[in-house]
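Student: Structure for this input, please:
(chains A, B and C, ligands or ions: 4)
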Amino acid sequence: MDATKDSAQKSITGRGTEITAEERYYMASQSQLMWRKFRKHRLALISTVFLIAIYFLAFTYEFWAPYEMQTQHEDYLTAPPMVIRFVDSEGNLRAPFVYGTSNELNMDTFTREYVEDTSQIYPIQFFVRGQEYSFWGLFKSDLHFFGVENSKIFLLGTDGLGRDLLSRVLAGSRISLTIGLVGVFLAFTLGCVLGGISGYFGGATDTVIQRVVEFLISLPTTPLWLALSAAVPPRWSPIQVYFAISIILSIFGWAGLARVVRGKLLELREYDYVISARLAGGTDGYIIFSHLLPGFMSYLIVHLTMAIPGMILAETALSFLGLGIRAPAVSWGTLMQDAQNVRSIAIHPWLLAPGIIVIFVVLFFNFIGDGLRDAADPYKL
Amino acid sequence: MMNDVLLEIKNLRTYFKLHEGILKAIDGVSLAIGRNRVLGIVGESGCGKSVTARSILKLVPAPGKIEGEIWFHGGEKPVNLAALPPTGNAIRDIRGREIAMIFQEPMAAFSPVHTIGDQISEAIQTHQSLPKPEARGRTIEMLKQVGIPIPERRVDNYPHQMSGGMLQRAMIAMALSLRPKLLIADEPTTALDVTIQAQILRLMKRLQAELGMSIIFITHDLGVIANMADDVAVMYLGRVVEYGTVRQIFENPQHPYTQALMQSIPKLGSKGRGRLASIEGTVPVPLDPPRRCGFADRCVHFIPGRCDADVPPLIDTEAGHQVRCILYE
Amino acid sequence: MQNGSKALIEVRGLKKYFPIQEGLLRRVVGHVRAVDDVSFDIPAGKTLGLVGESGCGKTTLGRCIVRAMEPTAGEVILRVNDQEFDLTKLSAKELRAVRPHIQMVFQDPYLSLSPRKTVLNIVGEPLYINKVAEGRALEQRVRDLMDLVGLDVKYLNRYPHAFSGGQRQRIGIARAISLNPELIICDEPVSALDVSVQAQILNLLQDLQREFNLTYLFIAHDLSVVEHISDRVAVMYVGKLIEIGDTEELFQKPRHPYTEALLSAIPRPDLSRPMKEVTLEGEVPSPANPPSGCYFHPRCPYAKDICKHEAPPLVDMGNNHFSACHFAKELDLQGVGE
Ligand SMILES: Nc1ncnc2c1ncn2[C@@H]1O[C@H](COP(=O)(O)OP(=O)(O)OP(=O)(O)O)[C@@H](O)[C@H]1O
Ligand SMILES: Nc1ncnc2c1ncn2[C@@H]1O[C@H](COP(=O)(O)OP(=O)(O)OP(=O)(O)O)[C@@H](O)[C@H]1O
Ligand SMILES: [Mg+2]
Ligand SMILES: [Mg+2]
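Tutor: Ligands and ions are numbered 1, 2, ... in the order given. Below you'll find the model as predicted:
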């Protein structure tokens, strides 16, 4: 804080080669300070690590998923998750393995019951050859991270058609996680441009844009989303649907952002240091790029981080209702359609797995947003 | 002598344990406030005036720790406030009823969603069992006493409907509504314009005489101190460096810091536009401060090996006049 | 108001009205007359102090002069290098060329420096924008400026968060003088500072004035600071200039009841001068809804009937002293004495 106190303690030698910790702090730029502050927020840091991992999995899911997401394993309809074991029935420690299972139809409940057969031991193998897939349509491969030979492995169980839930969740993450990003990116672009125009030019333009924003914000979003999604032609390809949905989501997202951008711009424009740049002769372009943009970048990032989980939830909700992503594409929302009635949840609780993952991802985003918000103002103690 | 003392602070230390080290906001303050007297505490930003005030009422925020003794002689028996738990009933009974506090920012002291009248009435009712209409009557009475025009109407105003000066009056009314024995005023006029400040200062003086209470008046403005205080404590870097009556402090300032402070302010009516005598450097932050005179770095009388050897003791230079400087040893 | 010789800056009838808007369509229902027909001039090398209570329009006036805000009406004439410019009429491009002559020092040392730039960039920015210097030359110039305002040059690459309020104010001043301006508008440059640091900054401003023949418009609400630094003083009340005169005369012999009240309200660090018993009652009216006639009449102890109906003009009392009071000639008002 104080420069006279430390000058007594400073050990800058004649050539100024030695730099004390304090001096480093004083020479730290704002982003460095923000990073320091963010690092202190443990939960946010941990969430960041997890989210990066989850996004990585989503982008390369073909490799991590043991099966193709559409493959139906007829012998394993709604099979419960298998347990990875390290100790066999005789009490010997061994490499991770799963037991084989056999099933029979319970004639009282008409459900299939799966029993572990402790005599069949299938060690889990890594980097195995399995079903062939096309990685992002770039090249073909059949290398999978793990699998078992001569049997099947379903760590999260299977659905009613015998499809591996783990593979489907991984596949669904690609759409669910990115639709939030694409939606926020579209909303961000729209919000920044319109909010920027509104805040910078003011006057009638400002009034019109603000009225539109107020109108959009006051609309109840869910029924409109439903209506718009229902209007997406059924013949569209999954890719088209994907973009249609993200545009629908961003239509309402941008309004909030435009407000934030405009408000911040108006506030910053009156800041003494911005006025000072104007007095120094800076042109509008110079001031926007060297003072205004960096000035509200940190706030925008916080806002964006907070907006992504909303988009993810919205997509999940739409798809859950059957109005969003459509088969054969999968997202977490479509996966949760299987968990739509109480009976199936009671008997097959593992079908809720996609929901739990959504909860975690949303929480991670919120923790990060929290940490970023604290860090956005690094000078506050 | 003991009978005249209302509050006695002995060797108060308030430390904040921060990530960067221990911040010694108050480092050994001893003070006595007489009955029916006004003690002025003056010092620059960050010297620990507010923390002293908050320590008395145990309102120091989280990492702060209070050590030392604070004896309050207002009740039948003396109470050591420093030993009371900060959230217990004992201190809560004293806050408001025996010792009241007013702050620099009146906006922050009132909740924006309730009327001024409701808030003052509620403060009265938490300490005295009065029926609602009577509490309201008392509130209007108080608002009138602090010079708010048409108090019957103003009592139903929300804070944002009043100007800064009005709000400050309302806050004084709230603080005085319980007839406290001691009022702590932390820069009550710093945010106000001079003409409004003059009104508030006169009001506080009048009420102090009428109600016979003691006031701890905190400010950084020497002019305000000269007009309000009977006794003055000059603080620097968490310590009292000089203490005496107003007369002693203003007519015979002894500590080099007090002297420099007096010389560094431009005096009205002195036309000579010469240079001001400024104090070099800035007020340091008391983060892990070394054991030495806090003013040594900026002092013109600095004696190497003496001033930076230890914290100088408080030395009596005349009856009731104490200075923390080795020049008077 | 003309005093023969040409002043460096002349403000003529400057007005700034903020519209008050209401309703969905933002209909204008009235105006905040933040600055209402203000005129004055400042000769080169002199300091005009501008005082007044909070909200009377001091900041707005300062910002209109530098055109950080668009004034509603009036002229601001600047005379530099034998040229005359009316700042209010210049286009954005022409204005940029004149800008280096007028700079500003701000009140809040925490808001006036970009937190994202080092001292080198902050002080060097005006030089860079106006292509005065670049690279090594720019750095050298910044070092010289830091030296001039009493900052250690080894702090060149530090960010503002490393500095105390007084040091930040020095950085702000270094930046303001970097383009060798003629006029500096100081908007409460010492209000946020400690007393001991305030003296350092006041001394610095005076030293720089002497060295570079700077002209200051010094805005403040602390009258003793204004008396100390100003050659002339102007007093504002609810957007209007009500008195302007040479410092000594205005402080010793004010010609407007408001100035008298303002002076008598100052608590002085002098036991032989206790605060006066009679001070102003009431509060400053809002510029959105000012009283009739003379704005000061509801609080004025000398008010008569005419004050309620007629706004007094600013009239010359002789000796280049102007006052806007119907009874300026009759009243015998008290100054600060001694
Ligand atoms: N909650 C807190 N946490 C950490 N440090 C604190 C806290 N409150 C105060 N301090 C520190 O204690 C010291 C004294 O602060 P205090 O608020 O008492 O100063 P002050 O004399 O009232 O100054 P001012 O005139 O600015 O009000 C300062 O260095 C301040 O930074
Ligand atoms: N952008 C604005 N829109 C509307 N009203 C404004 C605006 N800026 C200032 N005002 C009003 O104009 C009046 C003058 O404000 P200004 O900031 O100039 O006062 P000031 O004399 O600088 O006060 P202070 O001493 O508090 O800095 C105030 O009543 C204020 O509310
Ligand atoms: Mg304080
Ligand atoms: Mg202002």
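Student: Check which helices and strands the helix or strand containing C:Ser224 is in contact with.
Tutor: Using DSSP states H and E, the element containing C:Ser224 is helix C:223-229. Packing partners of helix C:223-229 (3 or more Cβ pairs under 8 Å, 6 or more residues apart in numbering or on different chains; DSSP states H and E): strand C:47-51, helix C:195-212, strand C:215-219, helix C:247-252. C-beta here means a position set from N, CA and C on the backbone, and glycine is covered the same way.
Student: looking at these, which is closest to chain B?
Tutor: The closest of the helices and strands packed on helix C:223-229 to chain B is helix C:195-212. By Cβ to the nearest Cβ, the value is 3.5 Å.
Student: List the contacts of the closest one.
Tutor: B:44, B:220, B:222, B:260-261, B:264-266, B:273, B:275-280, B:282-283, B:298, C:45, C:47, C:148-150, C:164-166, C:169-170, C:173, C:177, C:180, C:186, C:189-190, C:193, C:214, C:216, C:225, C:228-229 (Cβ atoms under 8 Å, 6 or more residues apart in numbering or on different chains).
Student: Keeping just the C-alphas, turn it into CSV.
Tutor: Coordinates of each C-alpha in helix C:195-212 appear next as CSV, following Å, rounded to 0.1, in the frame of the first residue of the first chain:
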residue,chain,number,x,y,z
VAL,C,195,-3.8,17.3,5.9
SER,C,196,-0.1,16.6,5.9
VAL,C,197,-0.2,15.4,2.3
GLN,C,198,-2.5,18.2,1.2
ALA,C,199,0.2,20.7,2.1
GLN,C,200,2.7,18.8,-0.1
ILE,C,201,0.4,18.9,-3.1
LEU,C,202,-0.5,22.6,-2.7
ASN,C,203,3.2,23.4,-2.5
LEU,C,204,3.8,21.3,-5.6
LEU,C,205,1.0,23.1,-7.5
GLN,C,206,2.4,26.5,-6.6
ASP,C,207,6.0,25.5,-7.5
LEU,C,208,4.8,24.3,-10.9
GLN,C,209,2.8,27.4,-11.5
ARG,C,210,5.8,29.6,-10.8
GLU,C,211,8.1,27.5,-13.0
PHE,C,212,5.8,27.1,-16.0
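Student: quick revisit: mean neighbour count for the helices and strands packed on helix C:223-229 - can I get that in a markdown table?
Tutor: Formatted as a markdown table, these follow (neighbours: other Cβ atoms under 10 Å in any protein chain shown):
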| stretch | mean neighbour count |
| --- | --- |
| strand C:47-51 | 26 |
| helix C:195-212 | 20 |
| strand C:215-219 | 25 |
| helix C:247-252 | 20 |
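Student: ok, and for stretch A:111-120, which residues are buried?
Tutor: A:Arg112, A:Tyr114 (16 or more other Cβ atoms under 10 Å in any protein chain shown).
Student: Can you pull out the residues in contact with it?
Tutor: A:76-80, A:88-89, A:99-106, A:151, A:347.
Student: for stretch B:152-159, same thing?
Tutor: B:106-107, B:110-117, B:136, B:139-140, B:143, B:148, B:162, B:166-167, B:170.
Student: Closest residue of chain C to ligand 1?
Tutor: Closest contact between chain C and ligand 1, by Cβ to the nearest ligand atom, is at C:Asp194 (8.2 Å).
Student: Quick one: name the residues of the stretch 101-250 of chain A near chain C.
Tutor: Contact residues, the stretch 101-250 of chain A versus chain C (Cβ under 8 Å from any Cβ of the partner chain): A:Thr207.
Student: ranges for the strands of the stretch 101-250 of chain A?
Tutor: A:111-123, A:125-135, A:139-147 (DSSP state E, counting those that start in this stretch).
Student: rank these by mean pLDDT and give me the bottom one.
Tutor: Least confidently modelled of those is strand A:111-123, at a mean of 81 by mean pLDDT.
Student: What's the end-to-end length of stretch A:145-161?
Tutor: Stretch A:145-161 has its terminal residues 24 Å apart, counting by Cα to Cα, to the nearest Å.
Student: which of the residues in it are buried?
Tutor: Buried, per 16+ other Cβ under 10 Å, within stretch A:145-161: A:Phe146, A:Gly147, A:Val148, A:Lys152, A:Ile153, A:Phe154, A:Leu155, A:Leu156, A:Gly157, A:Thr158, A:Asp159.
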